[in-house]
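Participant: This is a predicted model, with the sequence first.
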Amino acid sequence: MRIVVHGQQAFGKAVLEALVKRGENVVGVYVAPDKDGQKADPMKEAALALKLPLFQPKSYRQPGPVWDEFKALRPDLQVMAFVTLFVPSGFLNIPTHGSIQYHPSLLPLHRGPSSINWPIIQGRAETGLSIFWPDDGLDTGPILVQKKTPISDDDSLGSVYFDRLFPMGVDAMLEAVDLVKASKAPRIEQDHAKATYEGWCTADNARIDWGRQGFHIHNLVRGCNPAPGAWTTQGGKRLMVFETKTIPAVDPKGIGGKMGEVVEADSRGFTVVCADGRIRVLRVRAEGGQKVAAGDLVAAGGIKVGDRLGV
């Protein structure tokens, strides 16, 4: 089967290399366009190292030379591993068996670009990945393969993706290709009535509101670690927060202090007042500084009892 691999970054590279390693007939590689002043995409470097035909169109929207170039490869299947440009159904359907795409959520939940962040931020107990048949909608096509993984109270965006959804995704892509080759690939329609959509998780979403309950703040920090990074302000400067620990809720009337006030600070970190009690901050980065244990920031005099965060 003549396969075209379409993607970018480390995940696209891993899928490409896995397919080549097991002897698949990869006849072309499509990668996102180069960005001025940035290093070459890892997937592009991998394609060049493997001496595979490489293509980097800026758009796929209209029939023309880009489509003709793709047709000339005589593809049987397009494998899409982290594609952010819009690809219309006319292009998707050029291969004999169409196109399959990776999405890191349990579709129809969490359609959209930041689908790993939001389940953690929302406090879900599990997430997963979907290999689906893309169409003209945003993550709306029929499902081919799904895999689940739990989200623990200590998981972060980084641990869920790099430890699980990344390697599981590569394996699921290979499984999906095998199903297509064996003519056993299902097309399970999504239940659109259960669909959710969230946009990009940006710095605007990542600002900590110390007036919320501790578990909400903890989930926000986890879901934004490492990117975009949850943050607050201290003395007019931004303070990034990468790790926290919830403290059992107490009667707010008995905790003392104002929302966002630092009420404890020692070698283990510092404790901040929130809506239902207090939350412990364990890892931070001050503006212009490095990511450090919160206790190190305390020891350096960067934060102290009585400081008020977020004002």
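Facilitator: That came through fine.
Participant: Can you tell me the centre-most residue of the protein?
Facilitator: I116 (4.2 Å; CA atoms, centre = their mean).
Participant: Tell me the spacing between it and S156.
Facilitator: 10 Å (CB to CB, to the nearest Å). Every residue, glycine included, has its C-beta placed from N, CA and C.
Participant: you'd agree the residue nearest to the centre of the chain is up against L165?
Facilitator: Yes. Between I116 and L165 there is a contact under CB atoms under 8 Å: 6.6 Å.
Participant: where do the contact lists of those two overlap?
Facilitator: P104, T127 (CB atoms under 8 Å, 6 or more residues apart in numbering).
Participant: and the closest residue to E189 other than its chain neighbours, what does it touch?
Facilitator: Distances taken as CB to CB, 6 or more residues apart in numbering put P142 closest to E189, at 5.3 Å, once the chain neighbours are dropped. Counting by CB under 8 Å, 6+ apart, P142 touches F132, W133, P186, R187, I188, E189, Q190.
Participant: Quick check: which element contains the third one?
Facilitator: Assignment of secondary structure by DSSP states H and E places P186 within no helix or strand.
Participant: For it, which residues are in contact?
Facilitator: P142, I143, L144, L179 are the contacts of P186 under CB under 8 Å, 6+ apart.
Participant: ok, and the most crowded of those?
Facilitator: L144 (20 neighbours; other CB atoms under 10 Å).
Participant: who's in contact with the helix or strand where it lies?
Facilitator: Secondary-structure element containing L144, defined by DSSP H and E: strand 143-150. For strand 143-150, the surrounding residues in contact (CB under 8 Å, 6+ apart) are 100, 106-107, 125-133, 160, 164-165, 168, 172, 175-176, 179, 185-190.
Participant: Same question for stretch 256-270.
Facilitator: Residues contacting stretch 256-270 (CB under 8 Å, 6+ apart): 210-211, 232, 255, 271-275, 278, 280-282, 293-295, 297-299, 303-311.
Participant: any weak-confidence spans in the stretch 151-300 of the chain?
Facilitator: 250-255 (pLDDT under 70).
Participant: Can you show me the strands along it?
Facilitator: For the stretch 151-300 of the chain, the strands defined by DSSP state E, counting those that start in this stretch occupy 230-234, 237-246, 262-266, 269-274, 277-286, 291-293.
Participant: Now do the third one against strand 230-234, angle only.
Facilitator: So the one you mean is strand 262-266. 100 degrees (axes from the mean of the first three to the mean of the last three CA atoms, to 10 degrees).
Participant: Sheet partners, orientation included, of strand 262-266?
Facilitator: strand 269-274 (antiparallel) (DSSP bridges).
Participant: Now do the partner strand and strand 277-286, the angle between them.
Facilitator: 130 degrees.
Participant: roughly how far out does strand 269-274 sit from the chain middle?
Facilitator: 28 Å (CA atoms, centre = their mean, to the nearest Å).
Participant: Also stretch 193-209?
Facilitator: 12 Å.
Participant: Name the residues of that stretch that are buried.
Facilitator: A195, E198, C201, N205, A206, I208 (16 or more other CB atoms under 10 Å).
Participant: quick one: contacts of that stretch?
Facilitator: 107-115, 117-118, 121, 138, 140, 217, 220-221, 223-224, 228-232, 241, 309-310.
Participant: In the stretch 101-250 of the chain, mark out all the helices, start to finish.
Facilitator: Listed in chain order, the helices of the stretch 101-250 of the chain (DSSP state H, counting those that start in this stretch) span 117-121, 157-158, 166-181, 214-223.
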